[in-house]
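Chemist: Quick one: sequence plus predicted model below, questions after.
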Amino acid sequence: MHSSPTGQGIRLASLATAGLLTLAAPPAQAATAFVRVNQVGYDAAASKRAYLLADAAETGATFSVKNAGGATVLVAGVGANLGSWNNTYRFVYALDFGSVTAPGTYTITVTGPVVAGSPSFKLDSPANLYTFLLANAVFFYQSQRDGPNVVPTVMSRQPAHLNDQSATVYDIPSYTKNGRLKGDLVPVSGAAPRDASGGWFDAGDYIKGVQTASYTADLLLIAVRDHPSLLGQGSPSGLFDEARFGLDWLRKMWDDGTSTLYYQVMIGDGNSGITGDHDLWRPPERDDTWDPANNAARYIRHRPLFRAGPPGSSISPNLAGRMAAAFALGYQVYKGSDLAYANGCLLRAQHVFDLANTAPAGRLLTFSPFDFYPETEWSSDLELAAAELYLAVAAGGLPPGLPHTDPLFYLQKAAHWANAYITGPFDATDTLNLYDVSALAHYEVHRAITQAGNPAGLEVTPAALVADVKKQLDKAGAQAAGDPFGLGFAYSQFDLVSHSQGLAITASLYDELTGTLAYADFGRRQLGVIVGANAWGTSFIVGAGSTFPHCMQHQVANLSGSLDGSPPVVKGAAVNGPNGPQTGLGTPSGANACPADGVDRFAAFNGHGGQFLDDVRSWPTVEPALDFVASTPLAFARHIDGKP
């Protein structure tokens, strides 16, 4: 019960006005400061930066770096004030300690007007620091598995959505402006039920979609192909097999015999007569028999499968591009271990690519509703697909029946779509993430052109590709210059973690292409931000660092895991991270409240337009997703393998 603001408070104020009572001034609040570090650790041989976040000037302050034995190995003055973070923490100082190179565990202590200390952190080789993140990413994807082939030791998962093995096919549904389903779903006349089982859940919900699953497969397969000792067949990470699990589901979504694409299983929001996936909070294995007498829950029990169009119809270019790329990469990666499977992938890749709609009108087909994933740029999807098809066909040993056996056919297509991106309206308006794969596509086209001997007559040159990658990095660098922590992406926008890892990958790709280390520090700082070197002092990857999200908006994590960071947790899950201000939050019905006391422990550190809330109610900040984690193996594997 709330006490009344009247009564005693009014009486004290009246006595003070009359001069009969002396009121003591409230005590001054003590100044506070924090040291923010990369909690996973620093490459011992590279530059290293931590940050001092303070609410008072730290003029003349020094910092000391101490090893695990308590010995001081460095004392130095704090660096320049990098700028104000928010109205309270108006000072952010650089703490550079690149001269400390001995592997070990360290802490940083600041001595000055306001004292501060850091959590412990490691200095070591990239292999010793980051390899566990590769296996953790696989753990995340295993926690997302749907169908009969789950991994019971991962978050106590049980087989789920077995009714997907005989899914009814429906036409693309219609939605209102506010994202609610219009009317009922319309089954495709005469269409036989299809096996849509398996695959990964898209995010914290149980929907499955080609839009995100194909992007994820693209990045995972490139990581496997380019880093075989870390991620290939027989490697401890398990990514070789997990990537194939995702690719198996994509093969189910494309009927090569009838040239038909299926793009999504299940709907998010329903309406007054239809229960959607987002209307419930439950373990996934309960859906097949959910509330059997309730007709409104019929699509929970028997989840709909949506067809992108009639057999042989053109395919939205974003889906065609990323699907064809995944299949072409499947040929490259699995050719040595399962030739028949790989050959089937290459046939599918060429068939899908040939059906791409290269003059789409209106919205692209992504998810239903479109607002779930509102992609607008698609040239880079086709560019990536064509590059991977070139690399696949140029490898030789081709199966019979391919529409195109001359690799130059695909090199010309790759150059065409690269030029279309560079000269188009979306050039350098985004960076590597689900909505724009141009940086990675440019790198792959550059690889293809070089492999082909740089033939004349292509619509793009290697120099133009490199210049366009640099254009993205320089734009991100300008953003980073205005941020005390050096992030090349705005805190108020969606998908911060995905963009940060994408920028780190792009920096590494550029430096490899140019034979320089021009963006090495920039790339390291992007990764540092997402694992603790930020204003909030938390990692945004579960299990990475001493502080990470405990309260994800993720049903398996919330119902089957701990809520305090102790095992079991969904290791490897990357959340969105900071986002714009959160409003209208409500605990999902059936969810375990988290944090239990409802306290926002990060509120004081919100700034630069970004808010981070570790709370199950906050999907914009702590819901993980397939595409957020997709870049983790590639980003960290490149650092481990020294590229460059």
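Modeler: Perfect, I can see it now.
Chemist: can you give me the strands for this structure?
Modeler: 33-36, 42-43, 49-54, 62-67, 72-77, 91-96, 104-111, 116-117, 121-124, 169-170, 208-209, 254-255, 260-265, 305-307 (DSSP state E).
Chemist: May I see those organised as JSON lines, with mean neighbour count added?
Modeler: In this view, the C-beta of every residue, glycine as well, is placed from N, C-alpha and C. Output for these, formatted as JSON lines (neighbours: other C-beta atoms under 10 Å):
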{"stretch": "strand 33-36", "mean neighbour count": "23"}
{"stretch": "strand 42-43", "mean neighbour count": "24"}
{"stretch": "strand 49-54", "mean neighbour count": "26"}
{"stretch": "strand 62-67", "mean neighbour count": "19"}
{"stretch": "strand 72-77", "mean neighbour count": "13"}
{"stretch": "strand 91-96", "mean neighbour count": "20"}
{"stretch": "strand 104-111", "mean neighbour count": "18"}
{"stretch": "strand 116-117", "mean neighbour count": "18"}
{"stretch": "strand 121-124", "mean neighbour count": "20"}
{"stretch": "strand 169-170", "mean neighbour count": "20"}
{"stretch": "strand 208-209", "mean neighbour count": "26"}
{"stretch": "strand 254-255", "mean neighbour count": "20"}
{"stretch": "strand 260-265", "mean neighbour count": "25"}
{"stretch": "strand 305-307", "mean neighbour count": "24"}
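Chemist: Which of those strands sits closest to residue 391?
Modeler: strand 254-255 (20.3 Å; C-beta to C-beta).
Chemist: returning to that earlier point: next, format the strands of the chain as JSON lines and append mean pLDDT and distance to residue 318.
Modeler: As requested, those are exported to JSON lines (pLDDT from 0 to 100; distance: least, C-beta to C-beta, whole Å):
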{"stretch": "strand 33-36", "mean pLDDT": "98", "distance to residue 318": "37"}
{"stretch": "strand 42-43", "mean pLDDT": "98", "distance to residue 318": "36"}
{"stretch": "strand 49-54", "mean pLDDT": "98", "distance to residue 318": "38"}
{"stretch": "strand 62-67", "mean pLDDT": "98", "distance to residue 318": "48"}
{"stretch": "strand 72-77", "mean pLDDT": "98", "distance to residue 318": "50"}
{"stretch": "strand 91-96", "mean pLDDT": "98", "distance to residue 318": "39"}
{"stretch": "strand 104-111", "mean pLDDT": "98", "distance to residue 318": "45"}
{"stretch": "strand 116-117", "mean pLDDT": "98", "distance to residue 318": "47"}
{"stretch": "strand 121-124", "mean pLDDT": "98", "distance to residue 318": "40"}
{"stretch": "strand 169-170", "mean pLDDT": "98", "distance to residue 318": "21"}
{"stretch": "strand 208-209", "mean pLDDT": "98", "distance to residue 318": "12"}
{"stretch": "strand 254-255", "mean pLDDT": "98", "distance to residue 318": "15"}
{"stretch": "strand 260-265", "mean pLDDT": "98", "distance to residue 318": "11"}
{"stretch": "strand 305-307", "mean pLDDT": "98", "distance to residue 318": "16"}
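Chemist: Residue 348: which of those strands is closest?
Modeler: Smallest distance to residue 348 across these (C-beta to C-beta): 5.7 Å, for strand 254-255.
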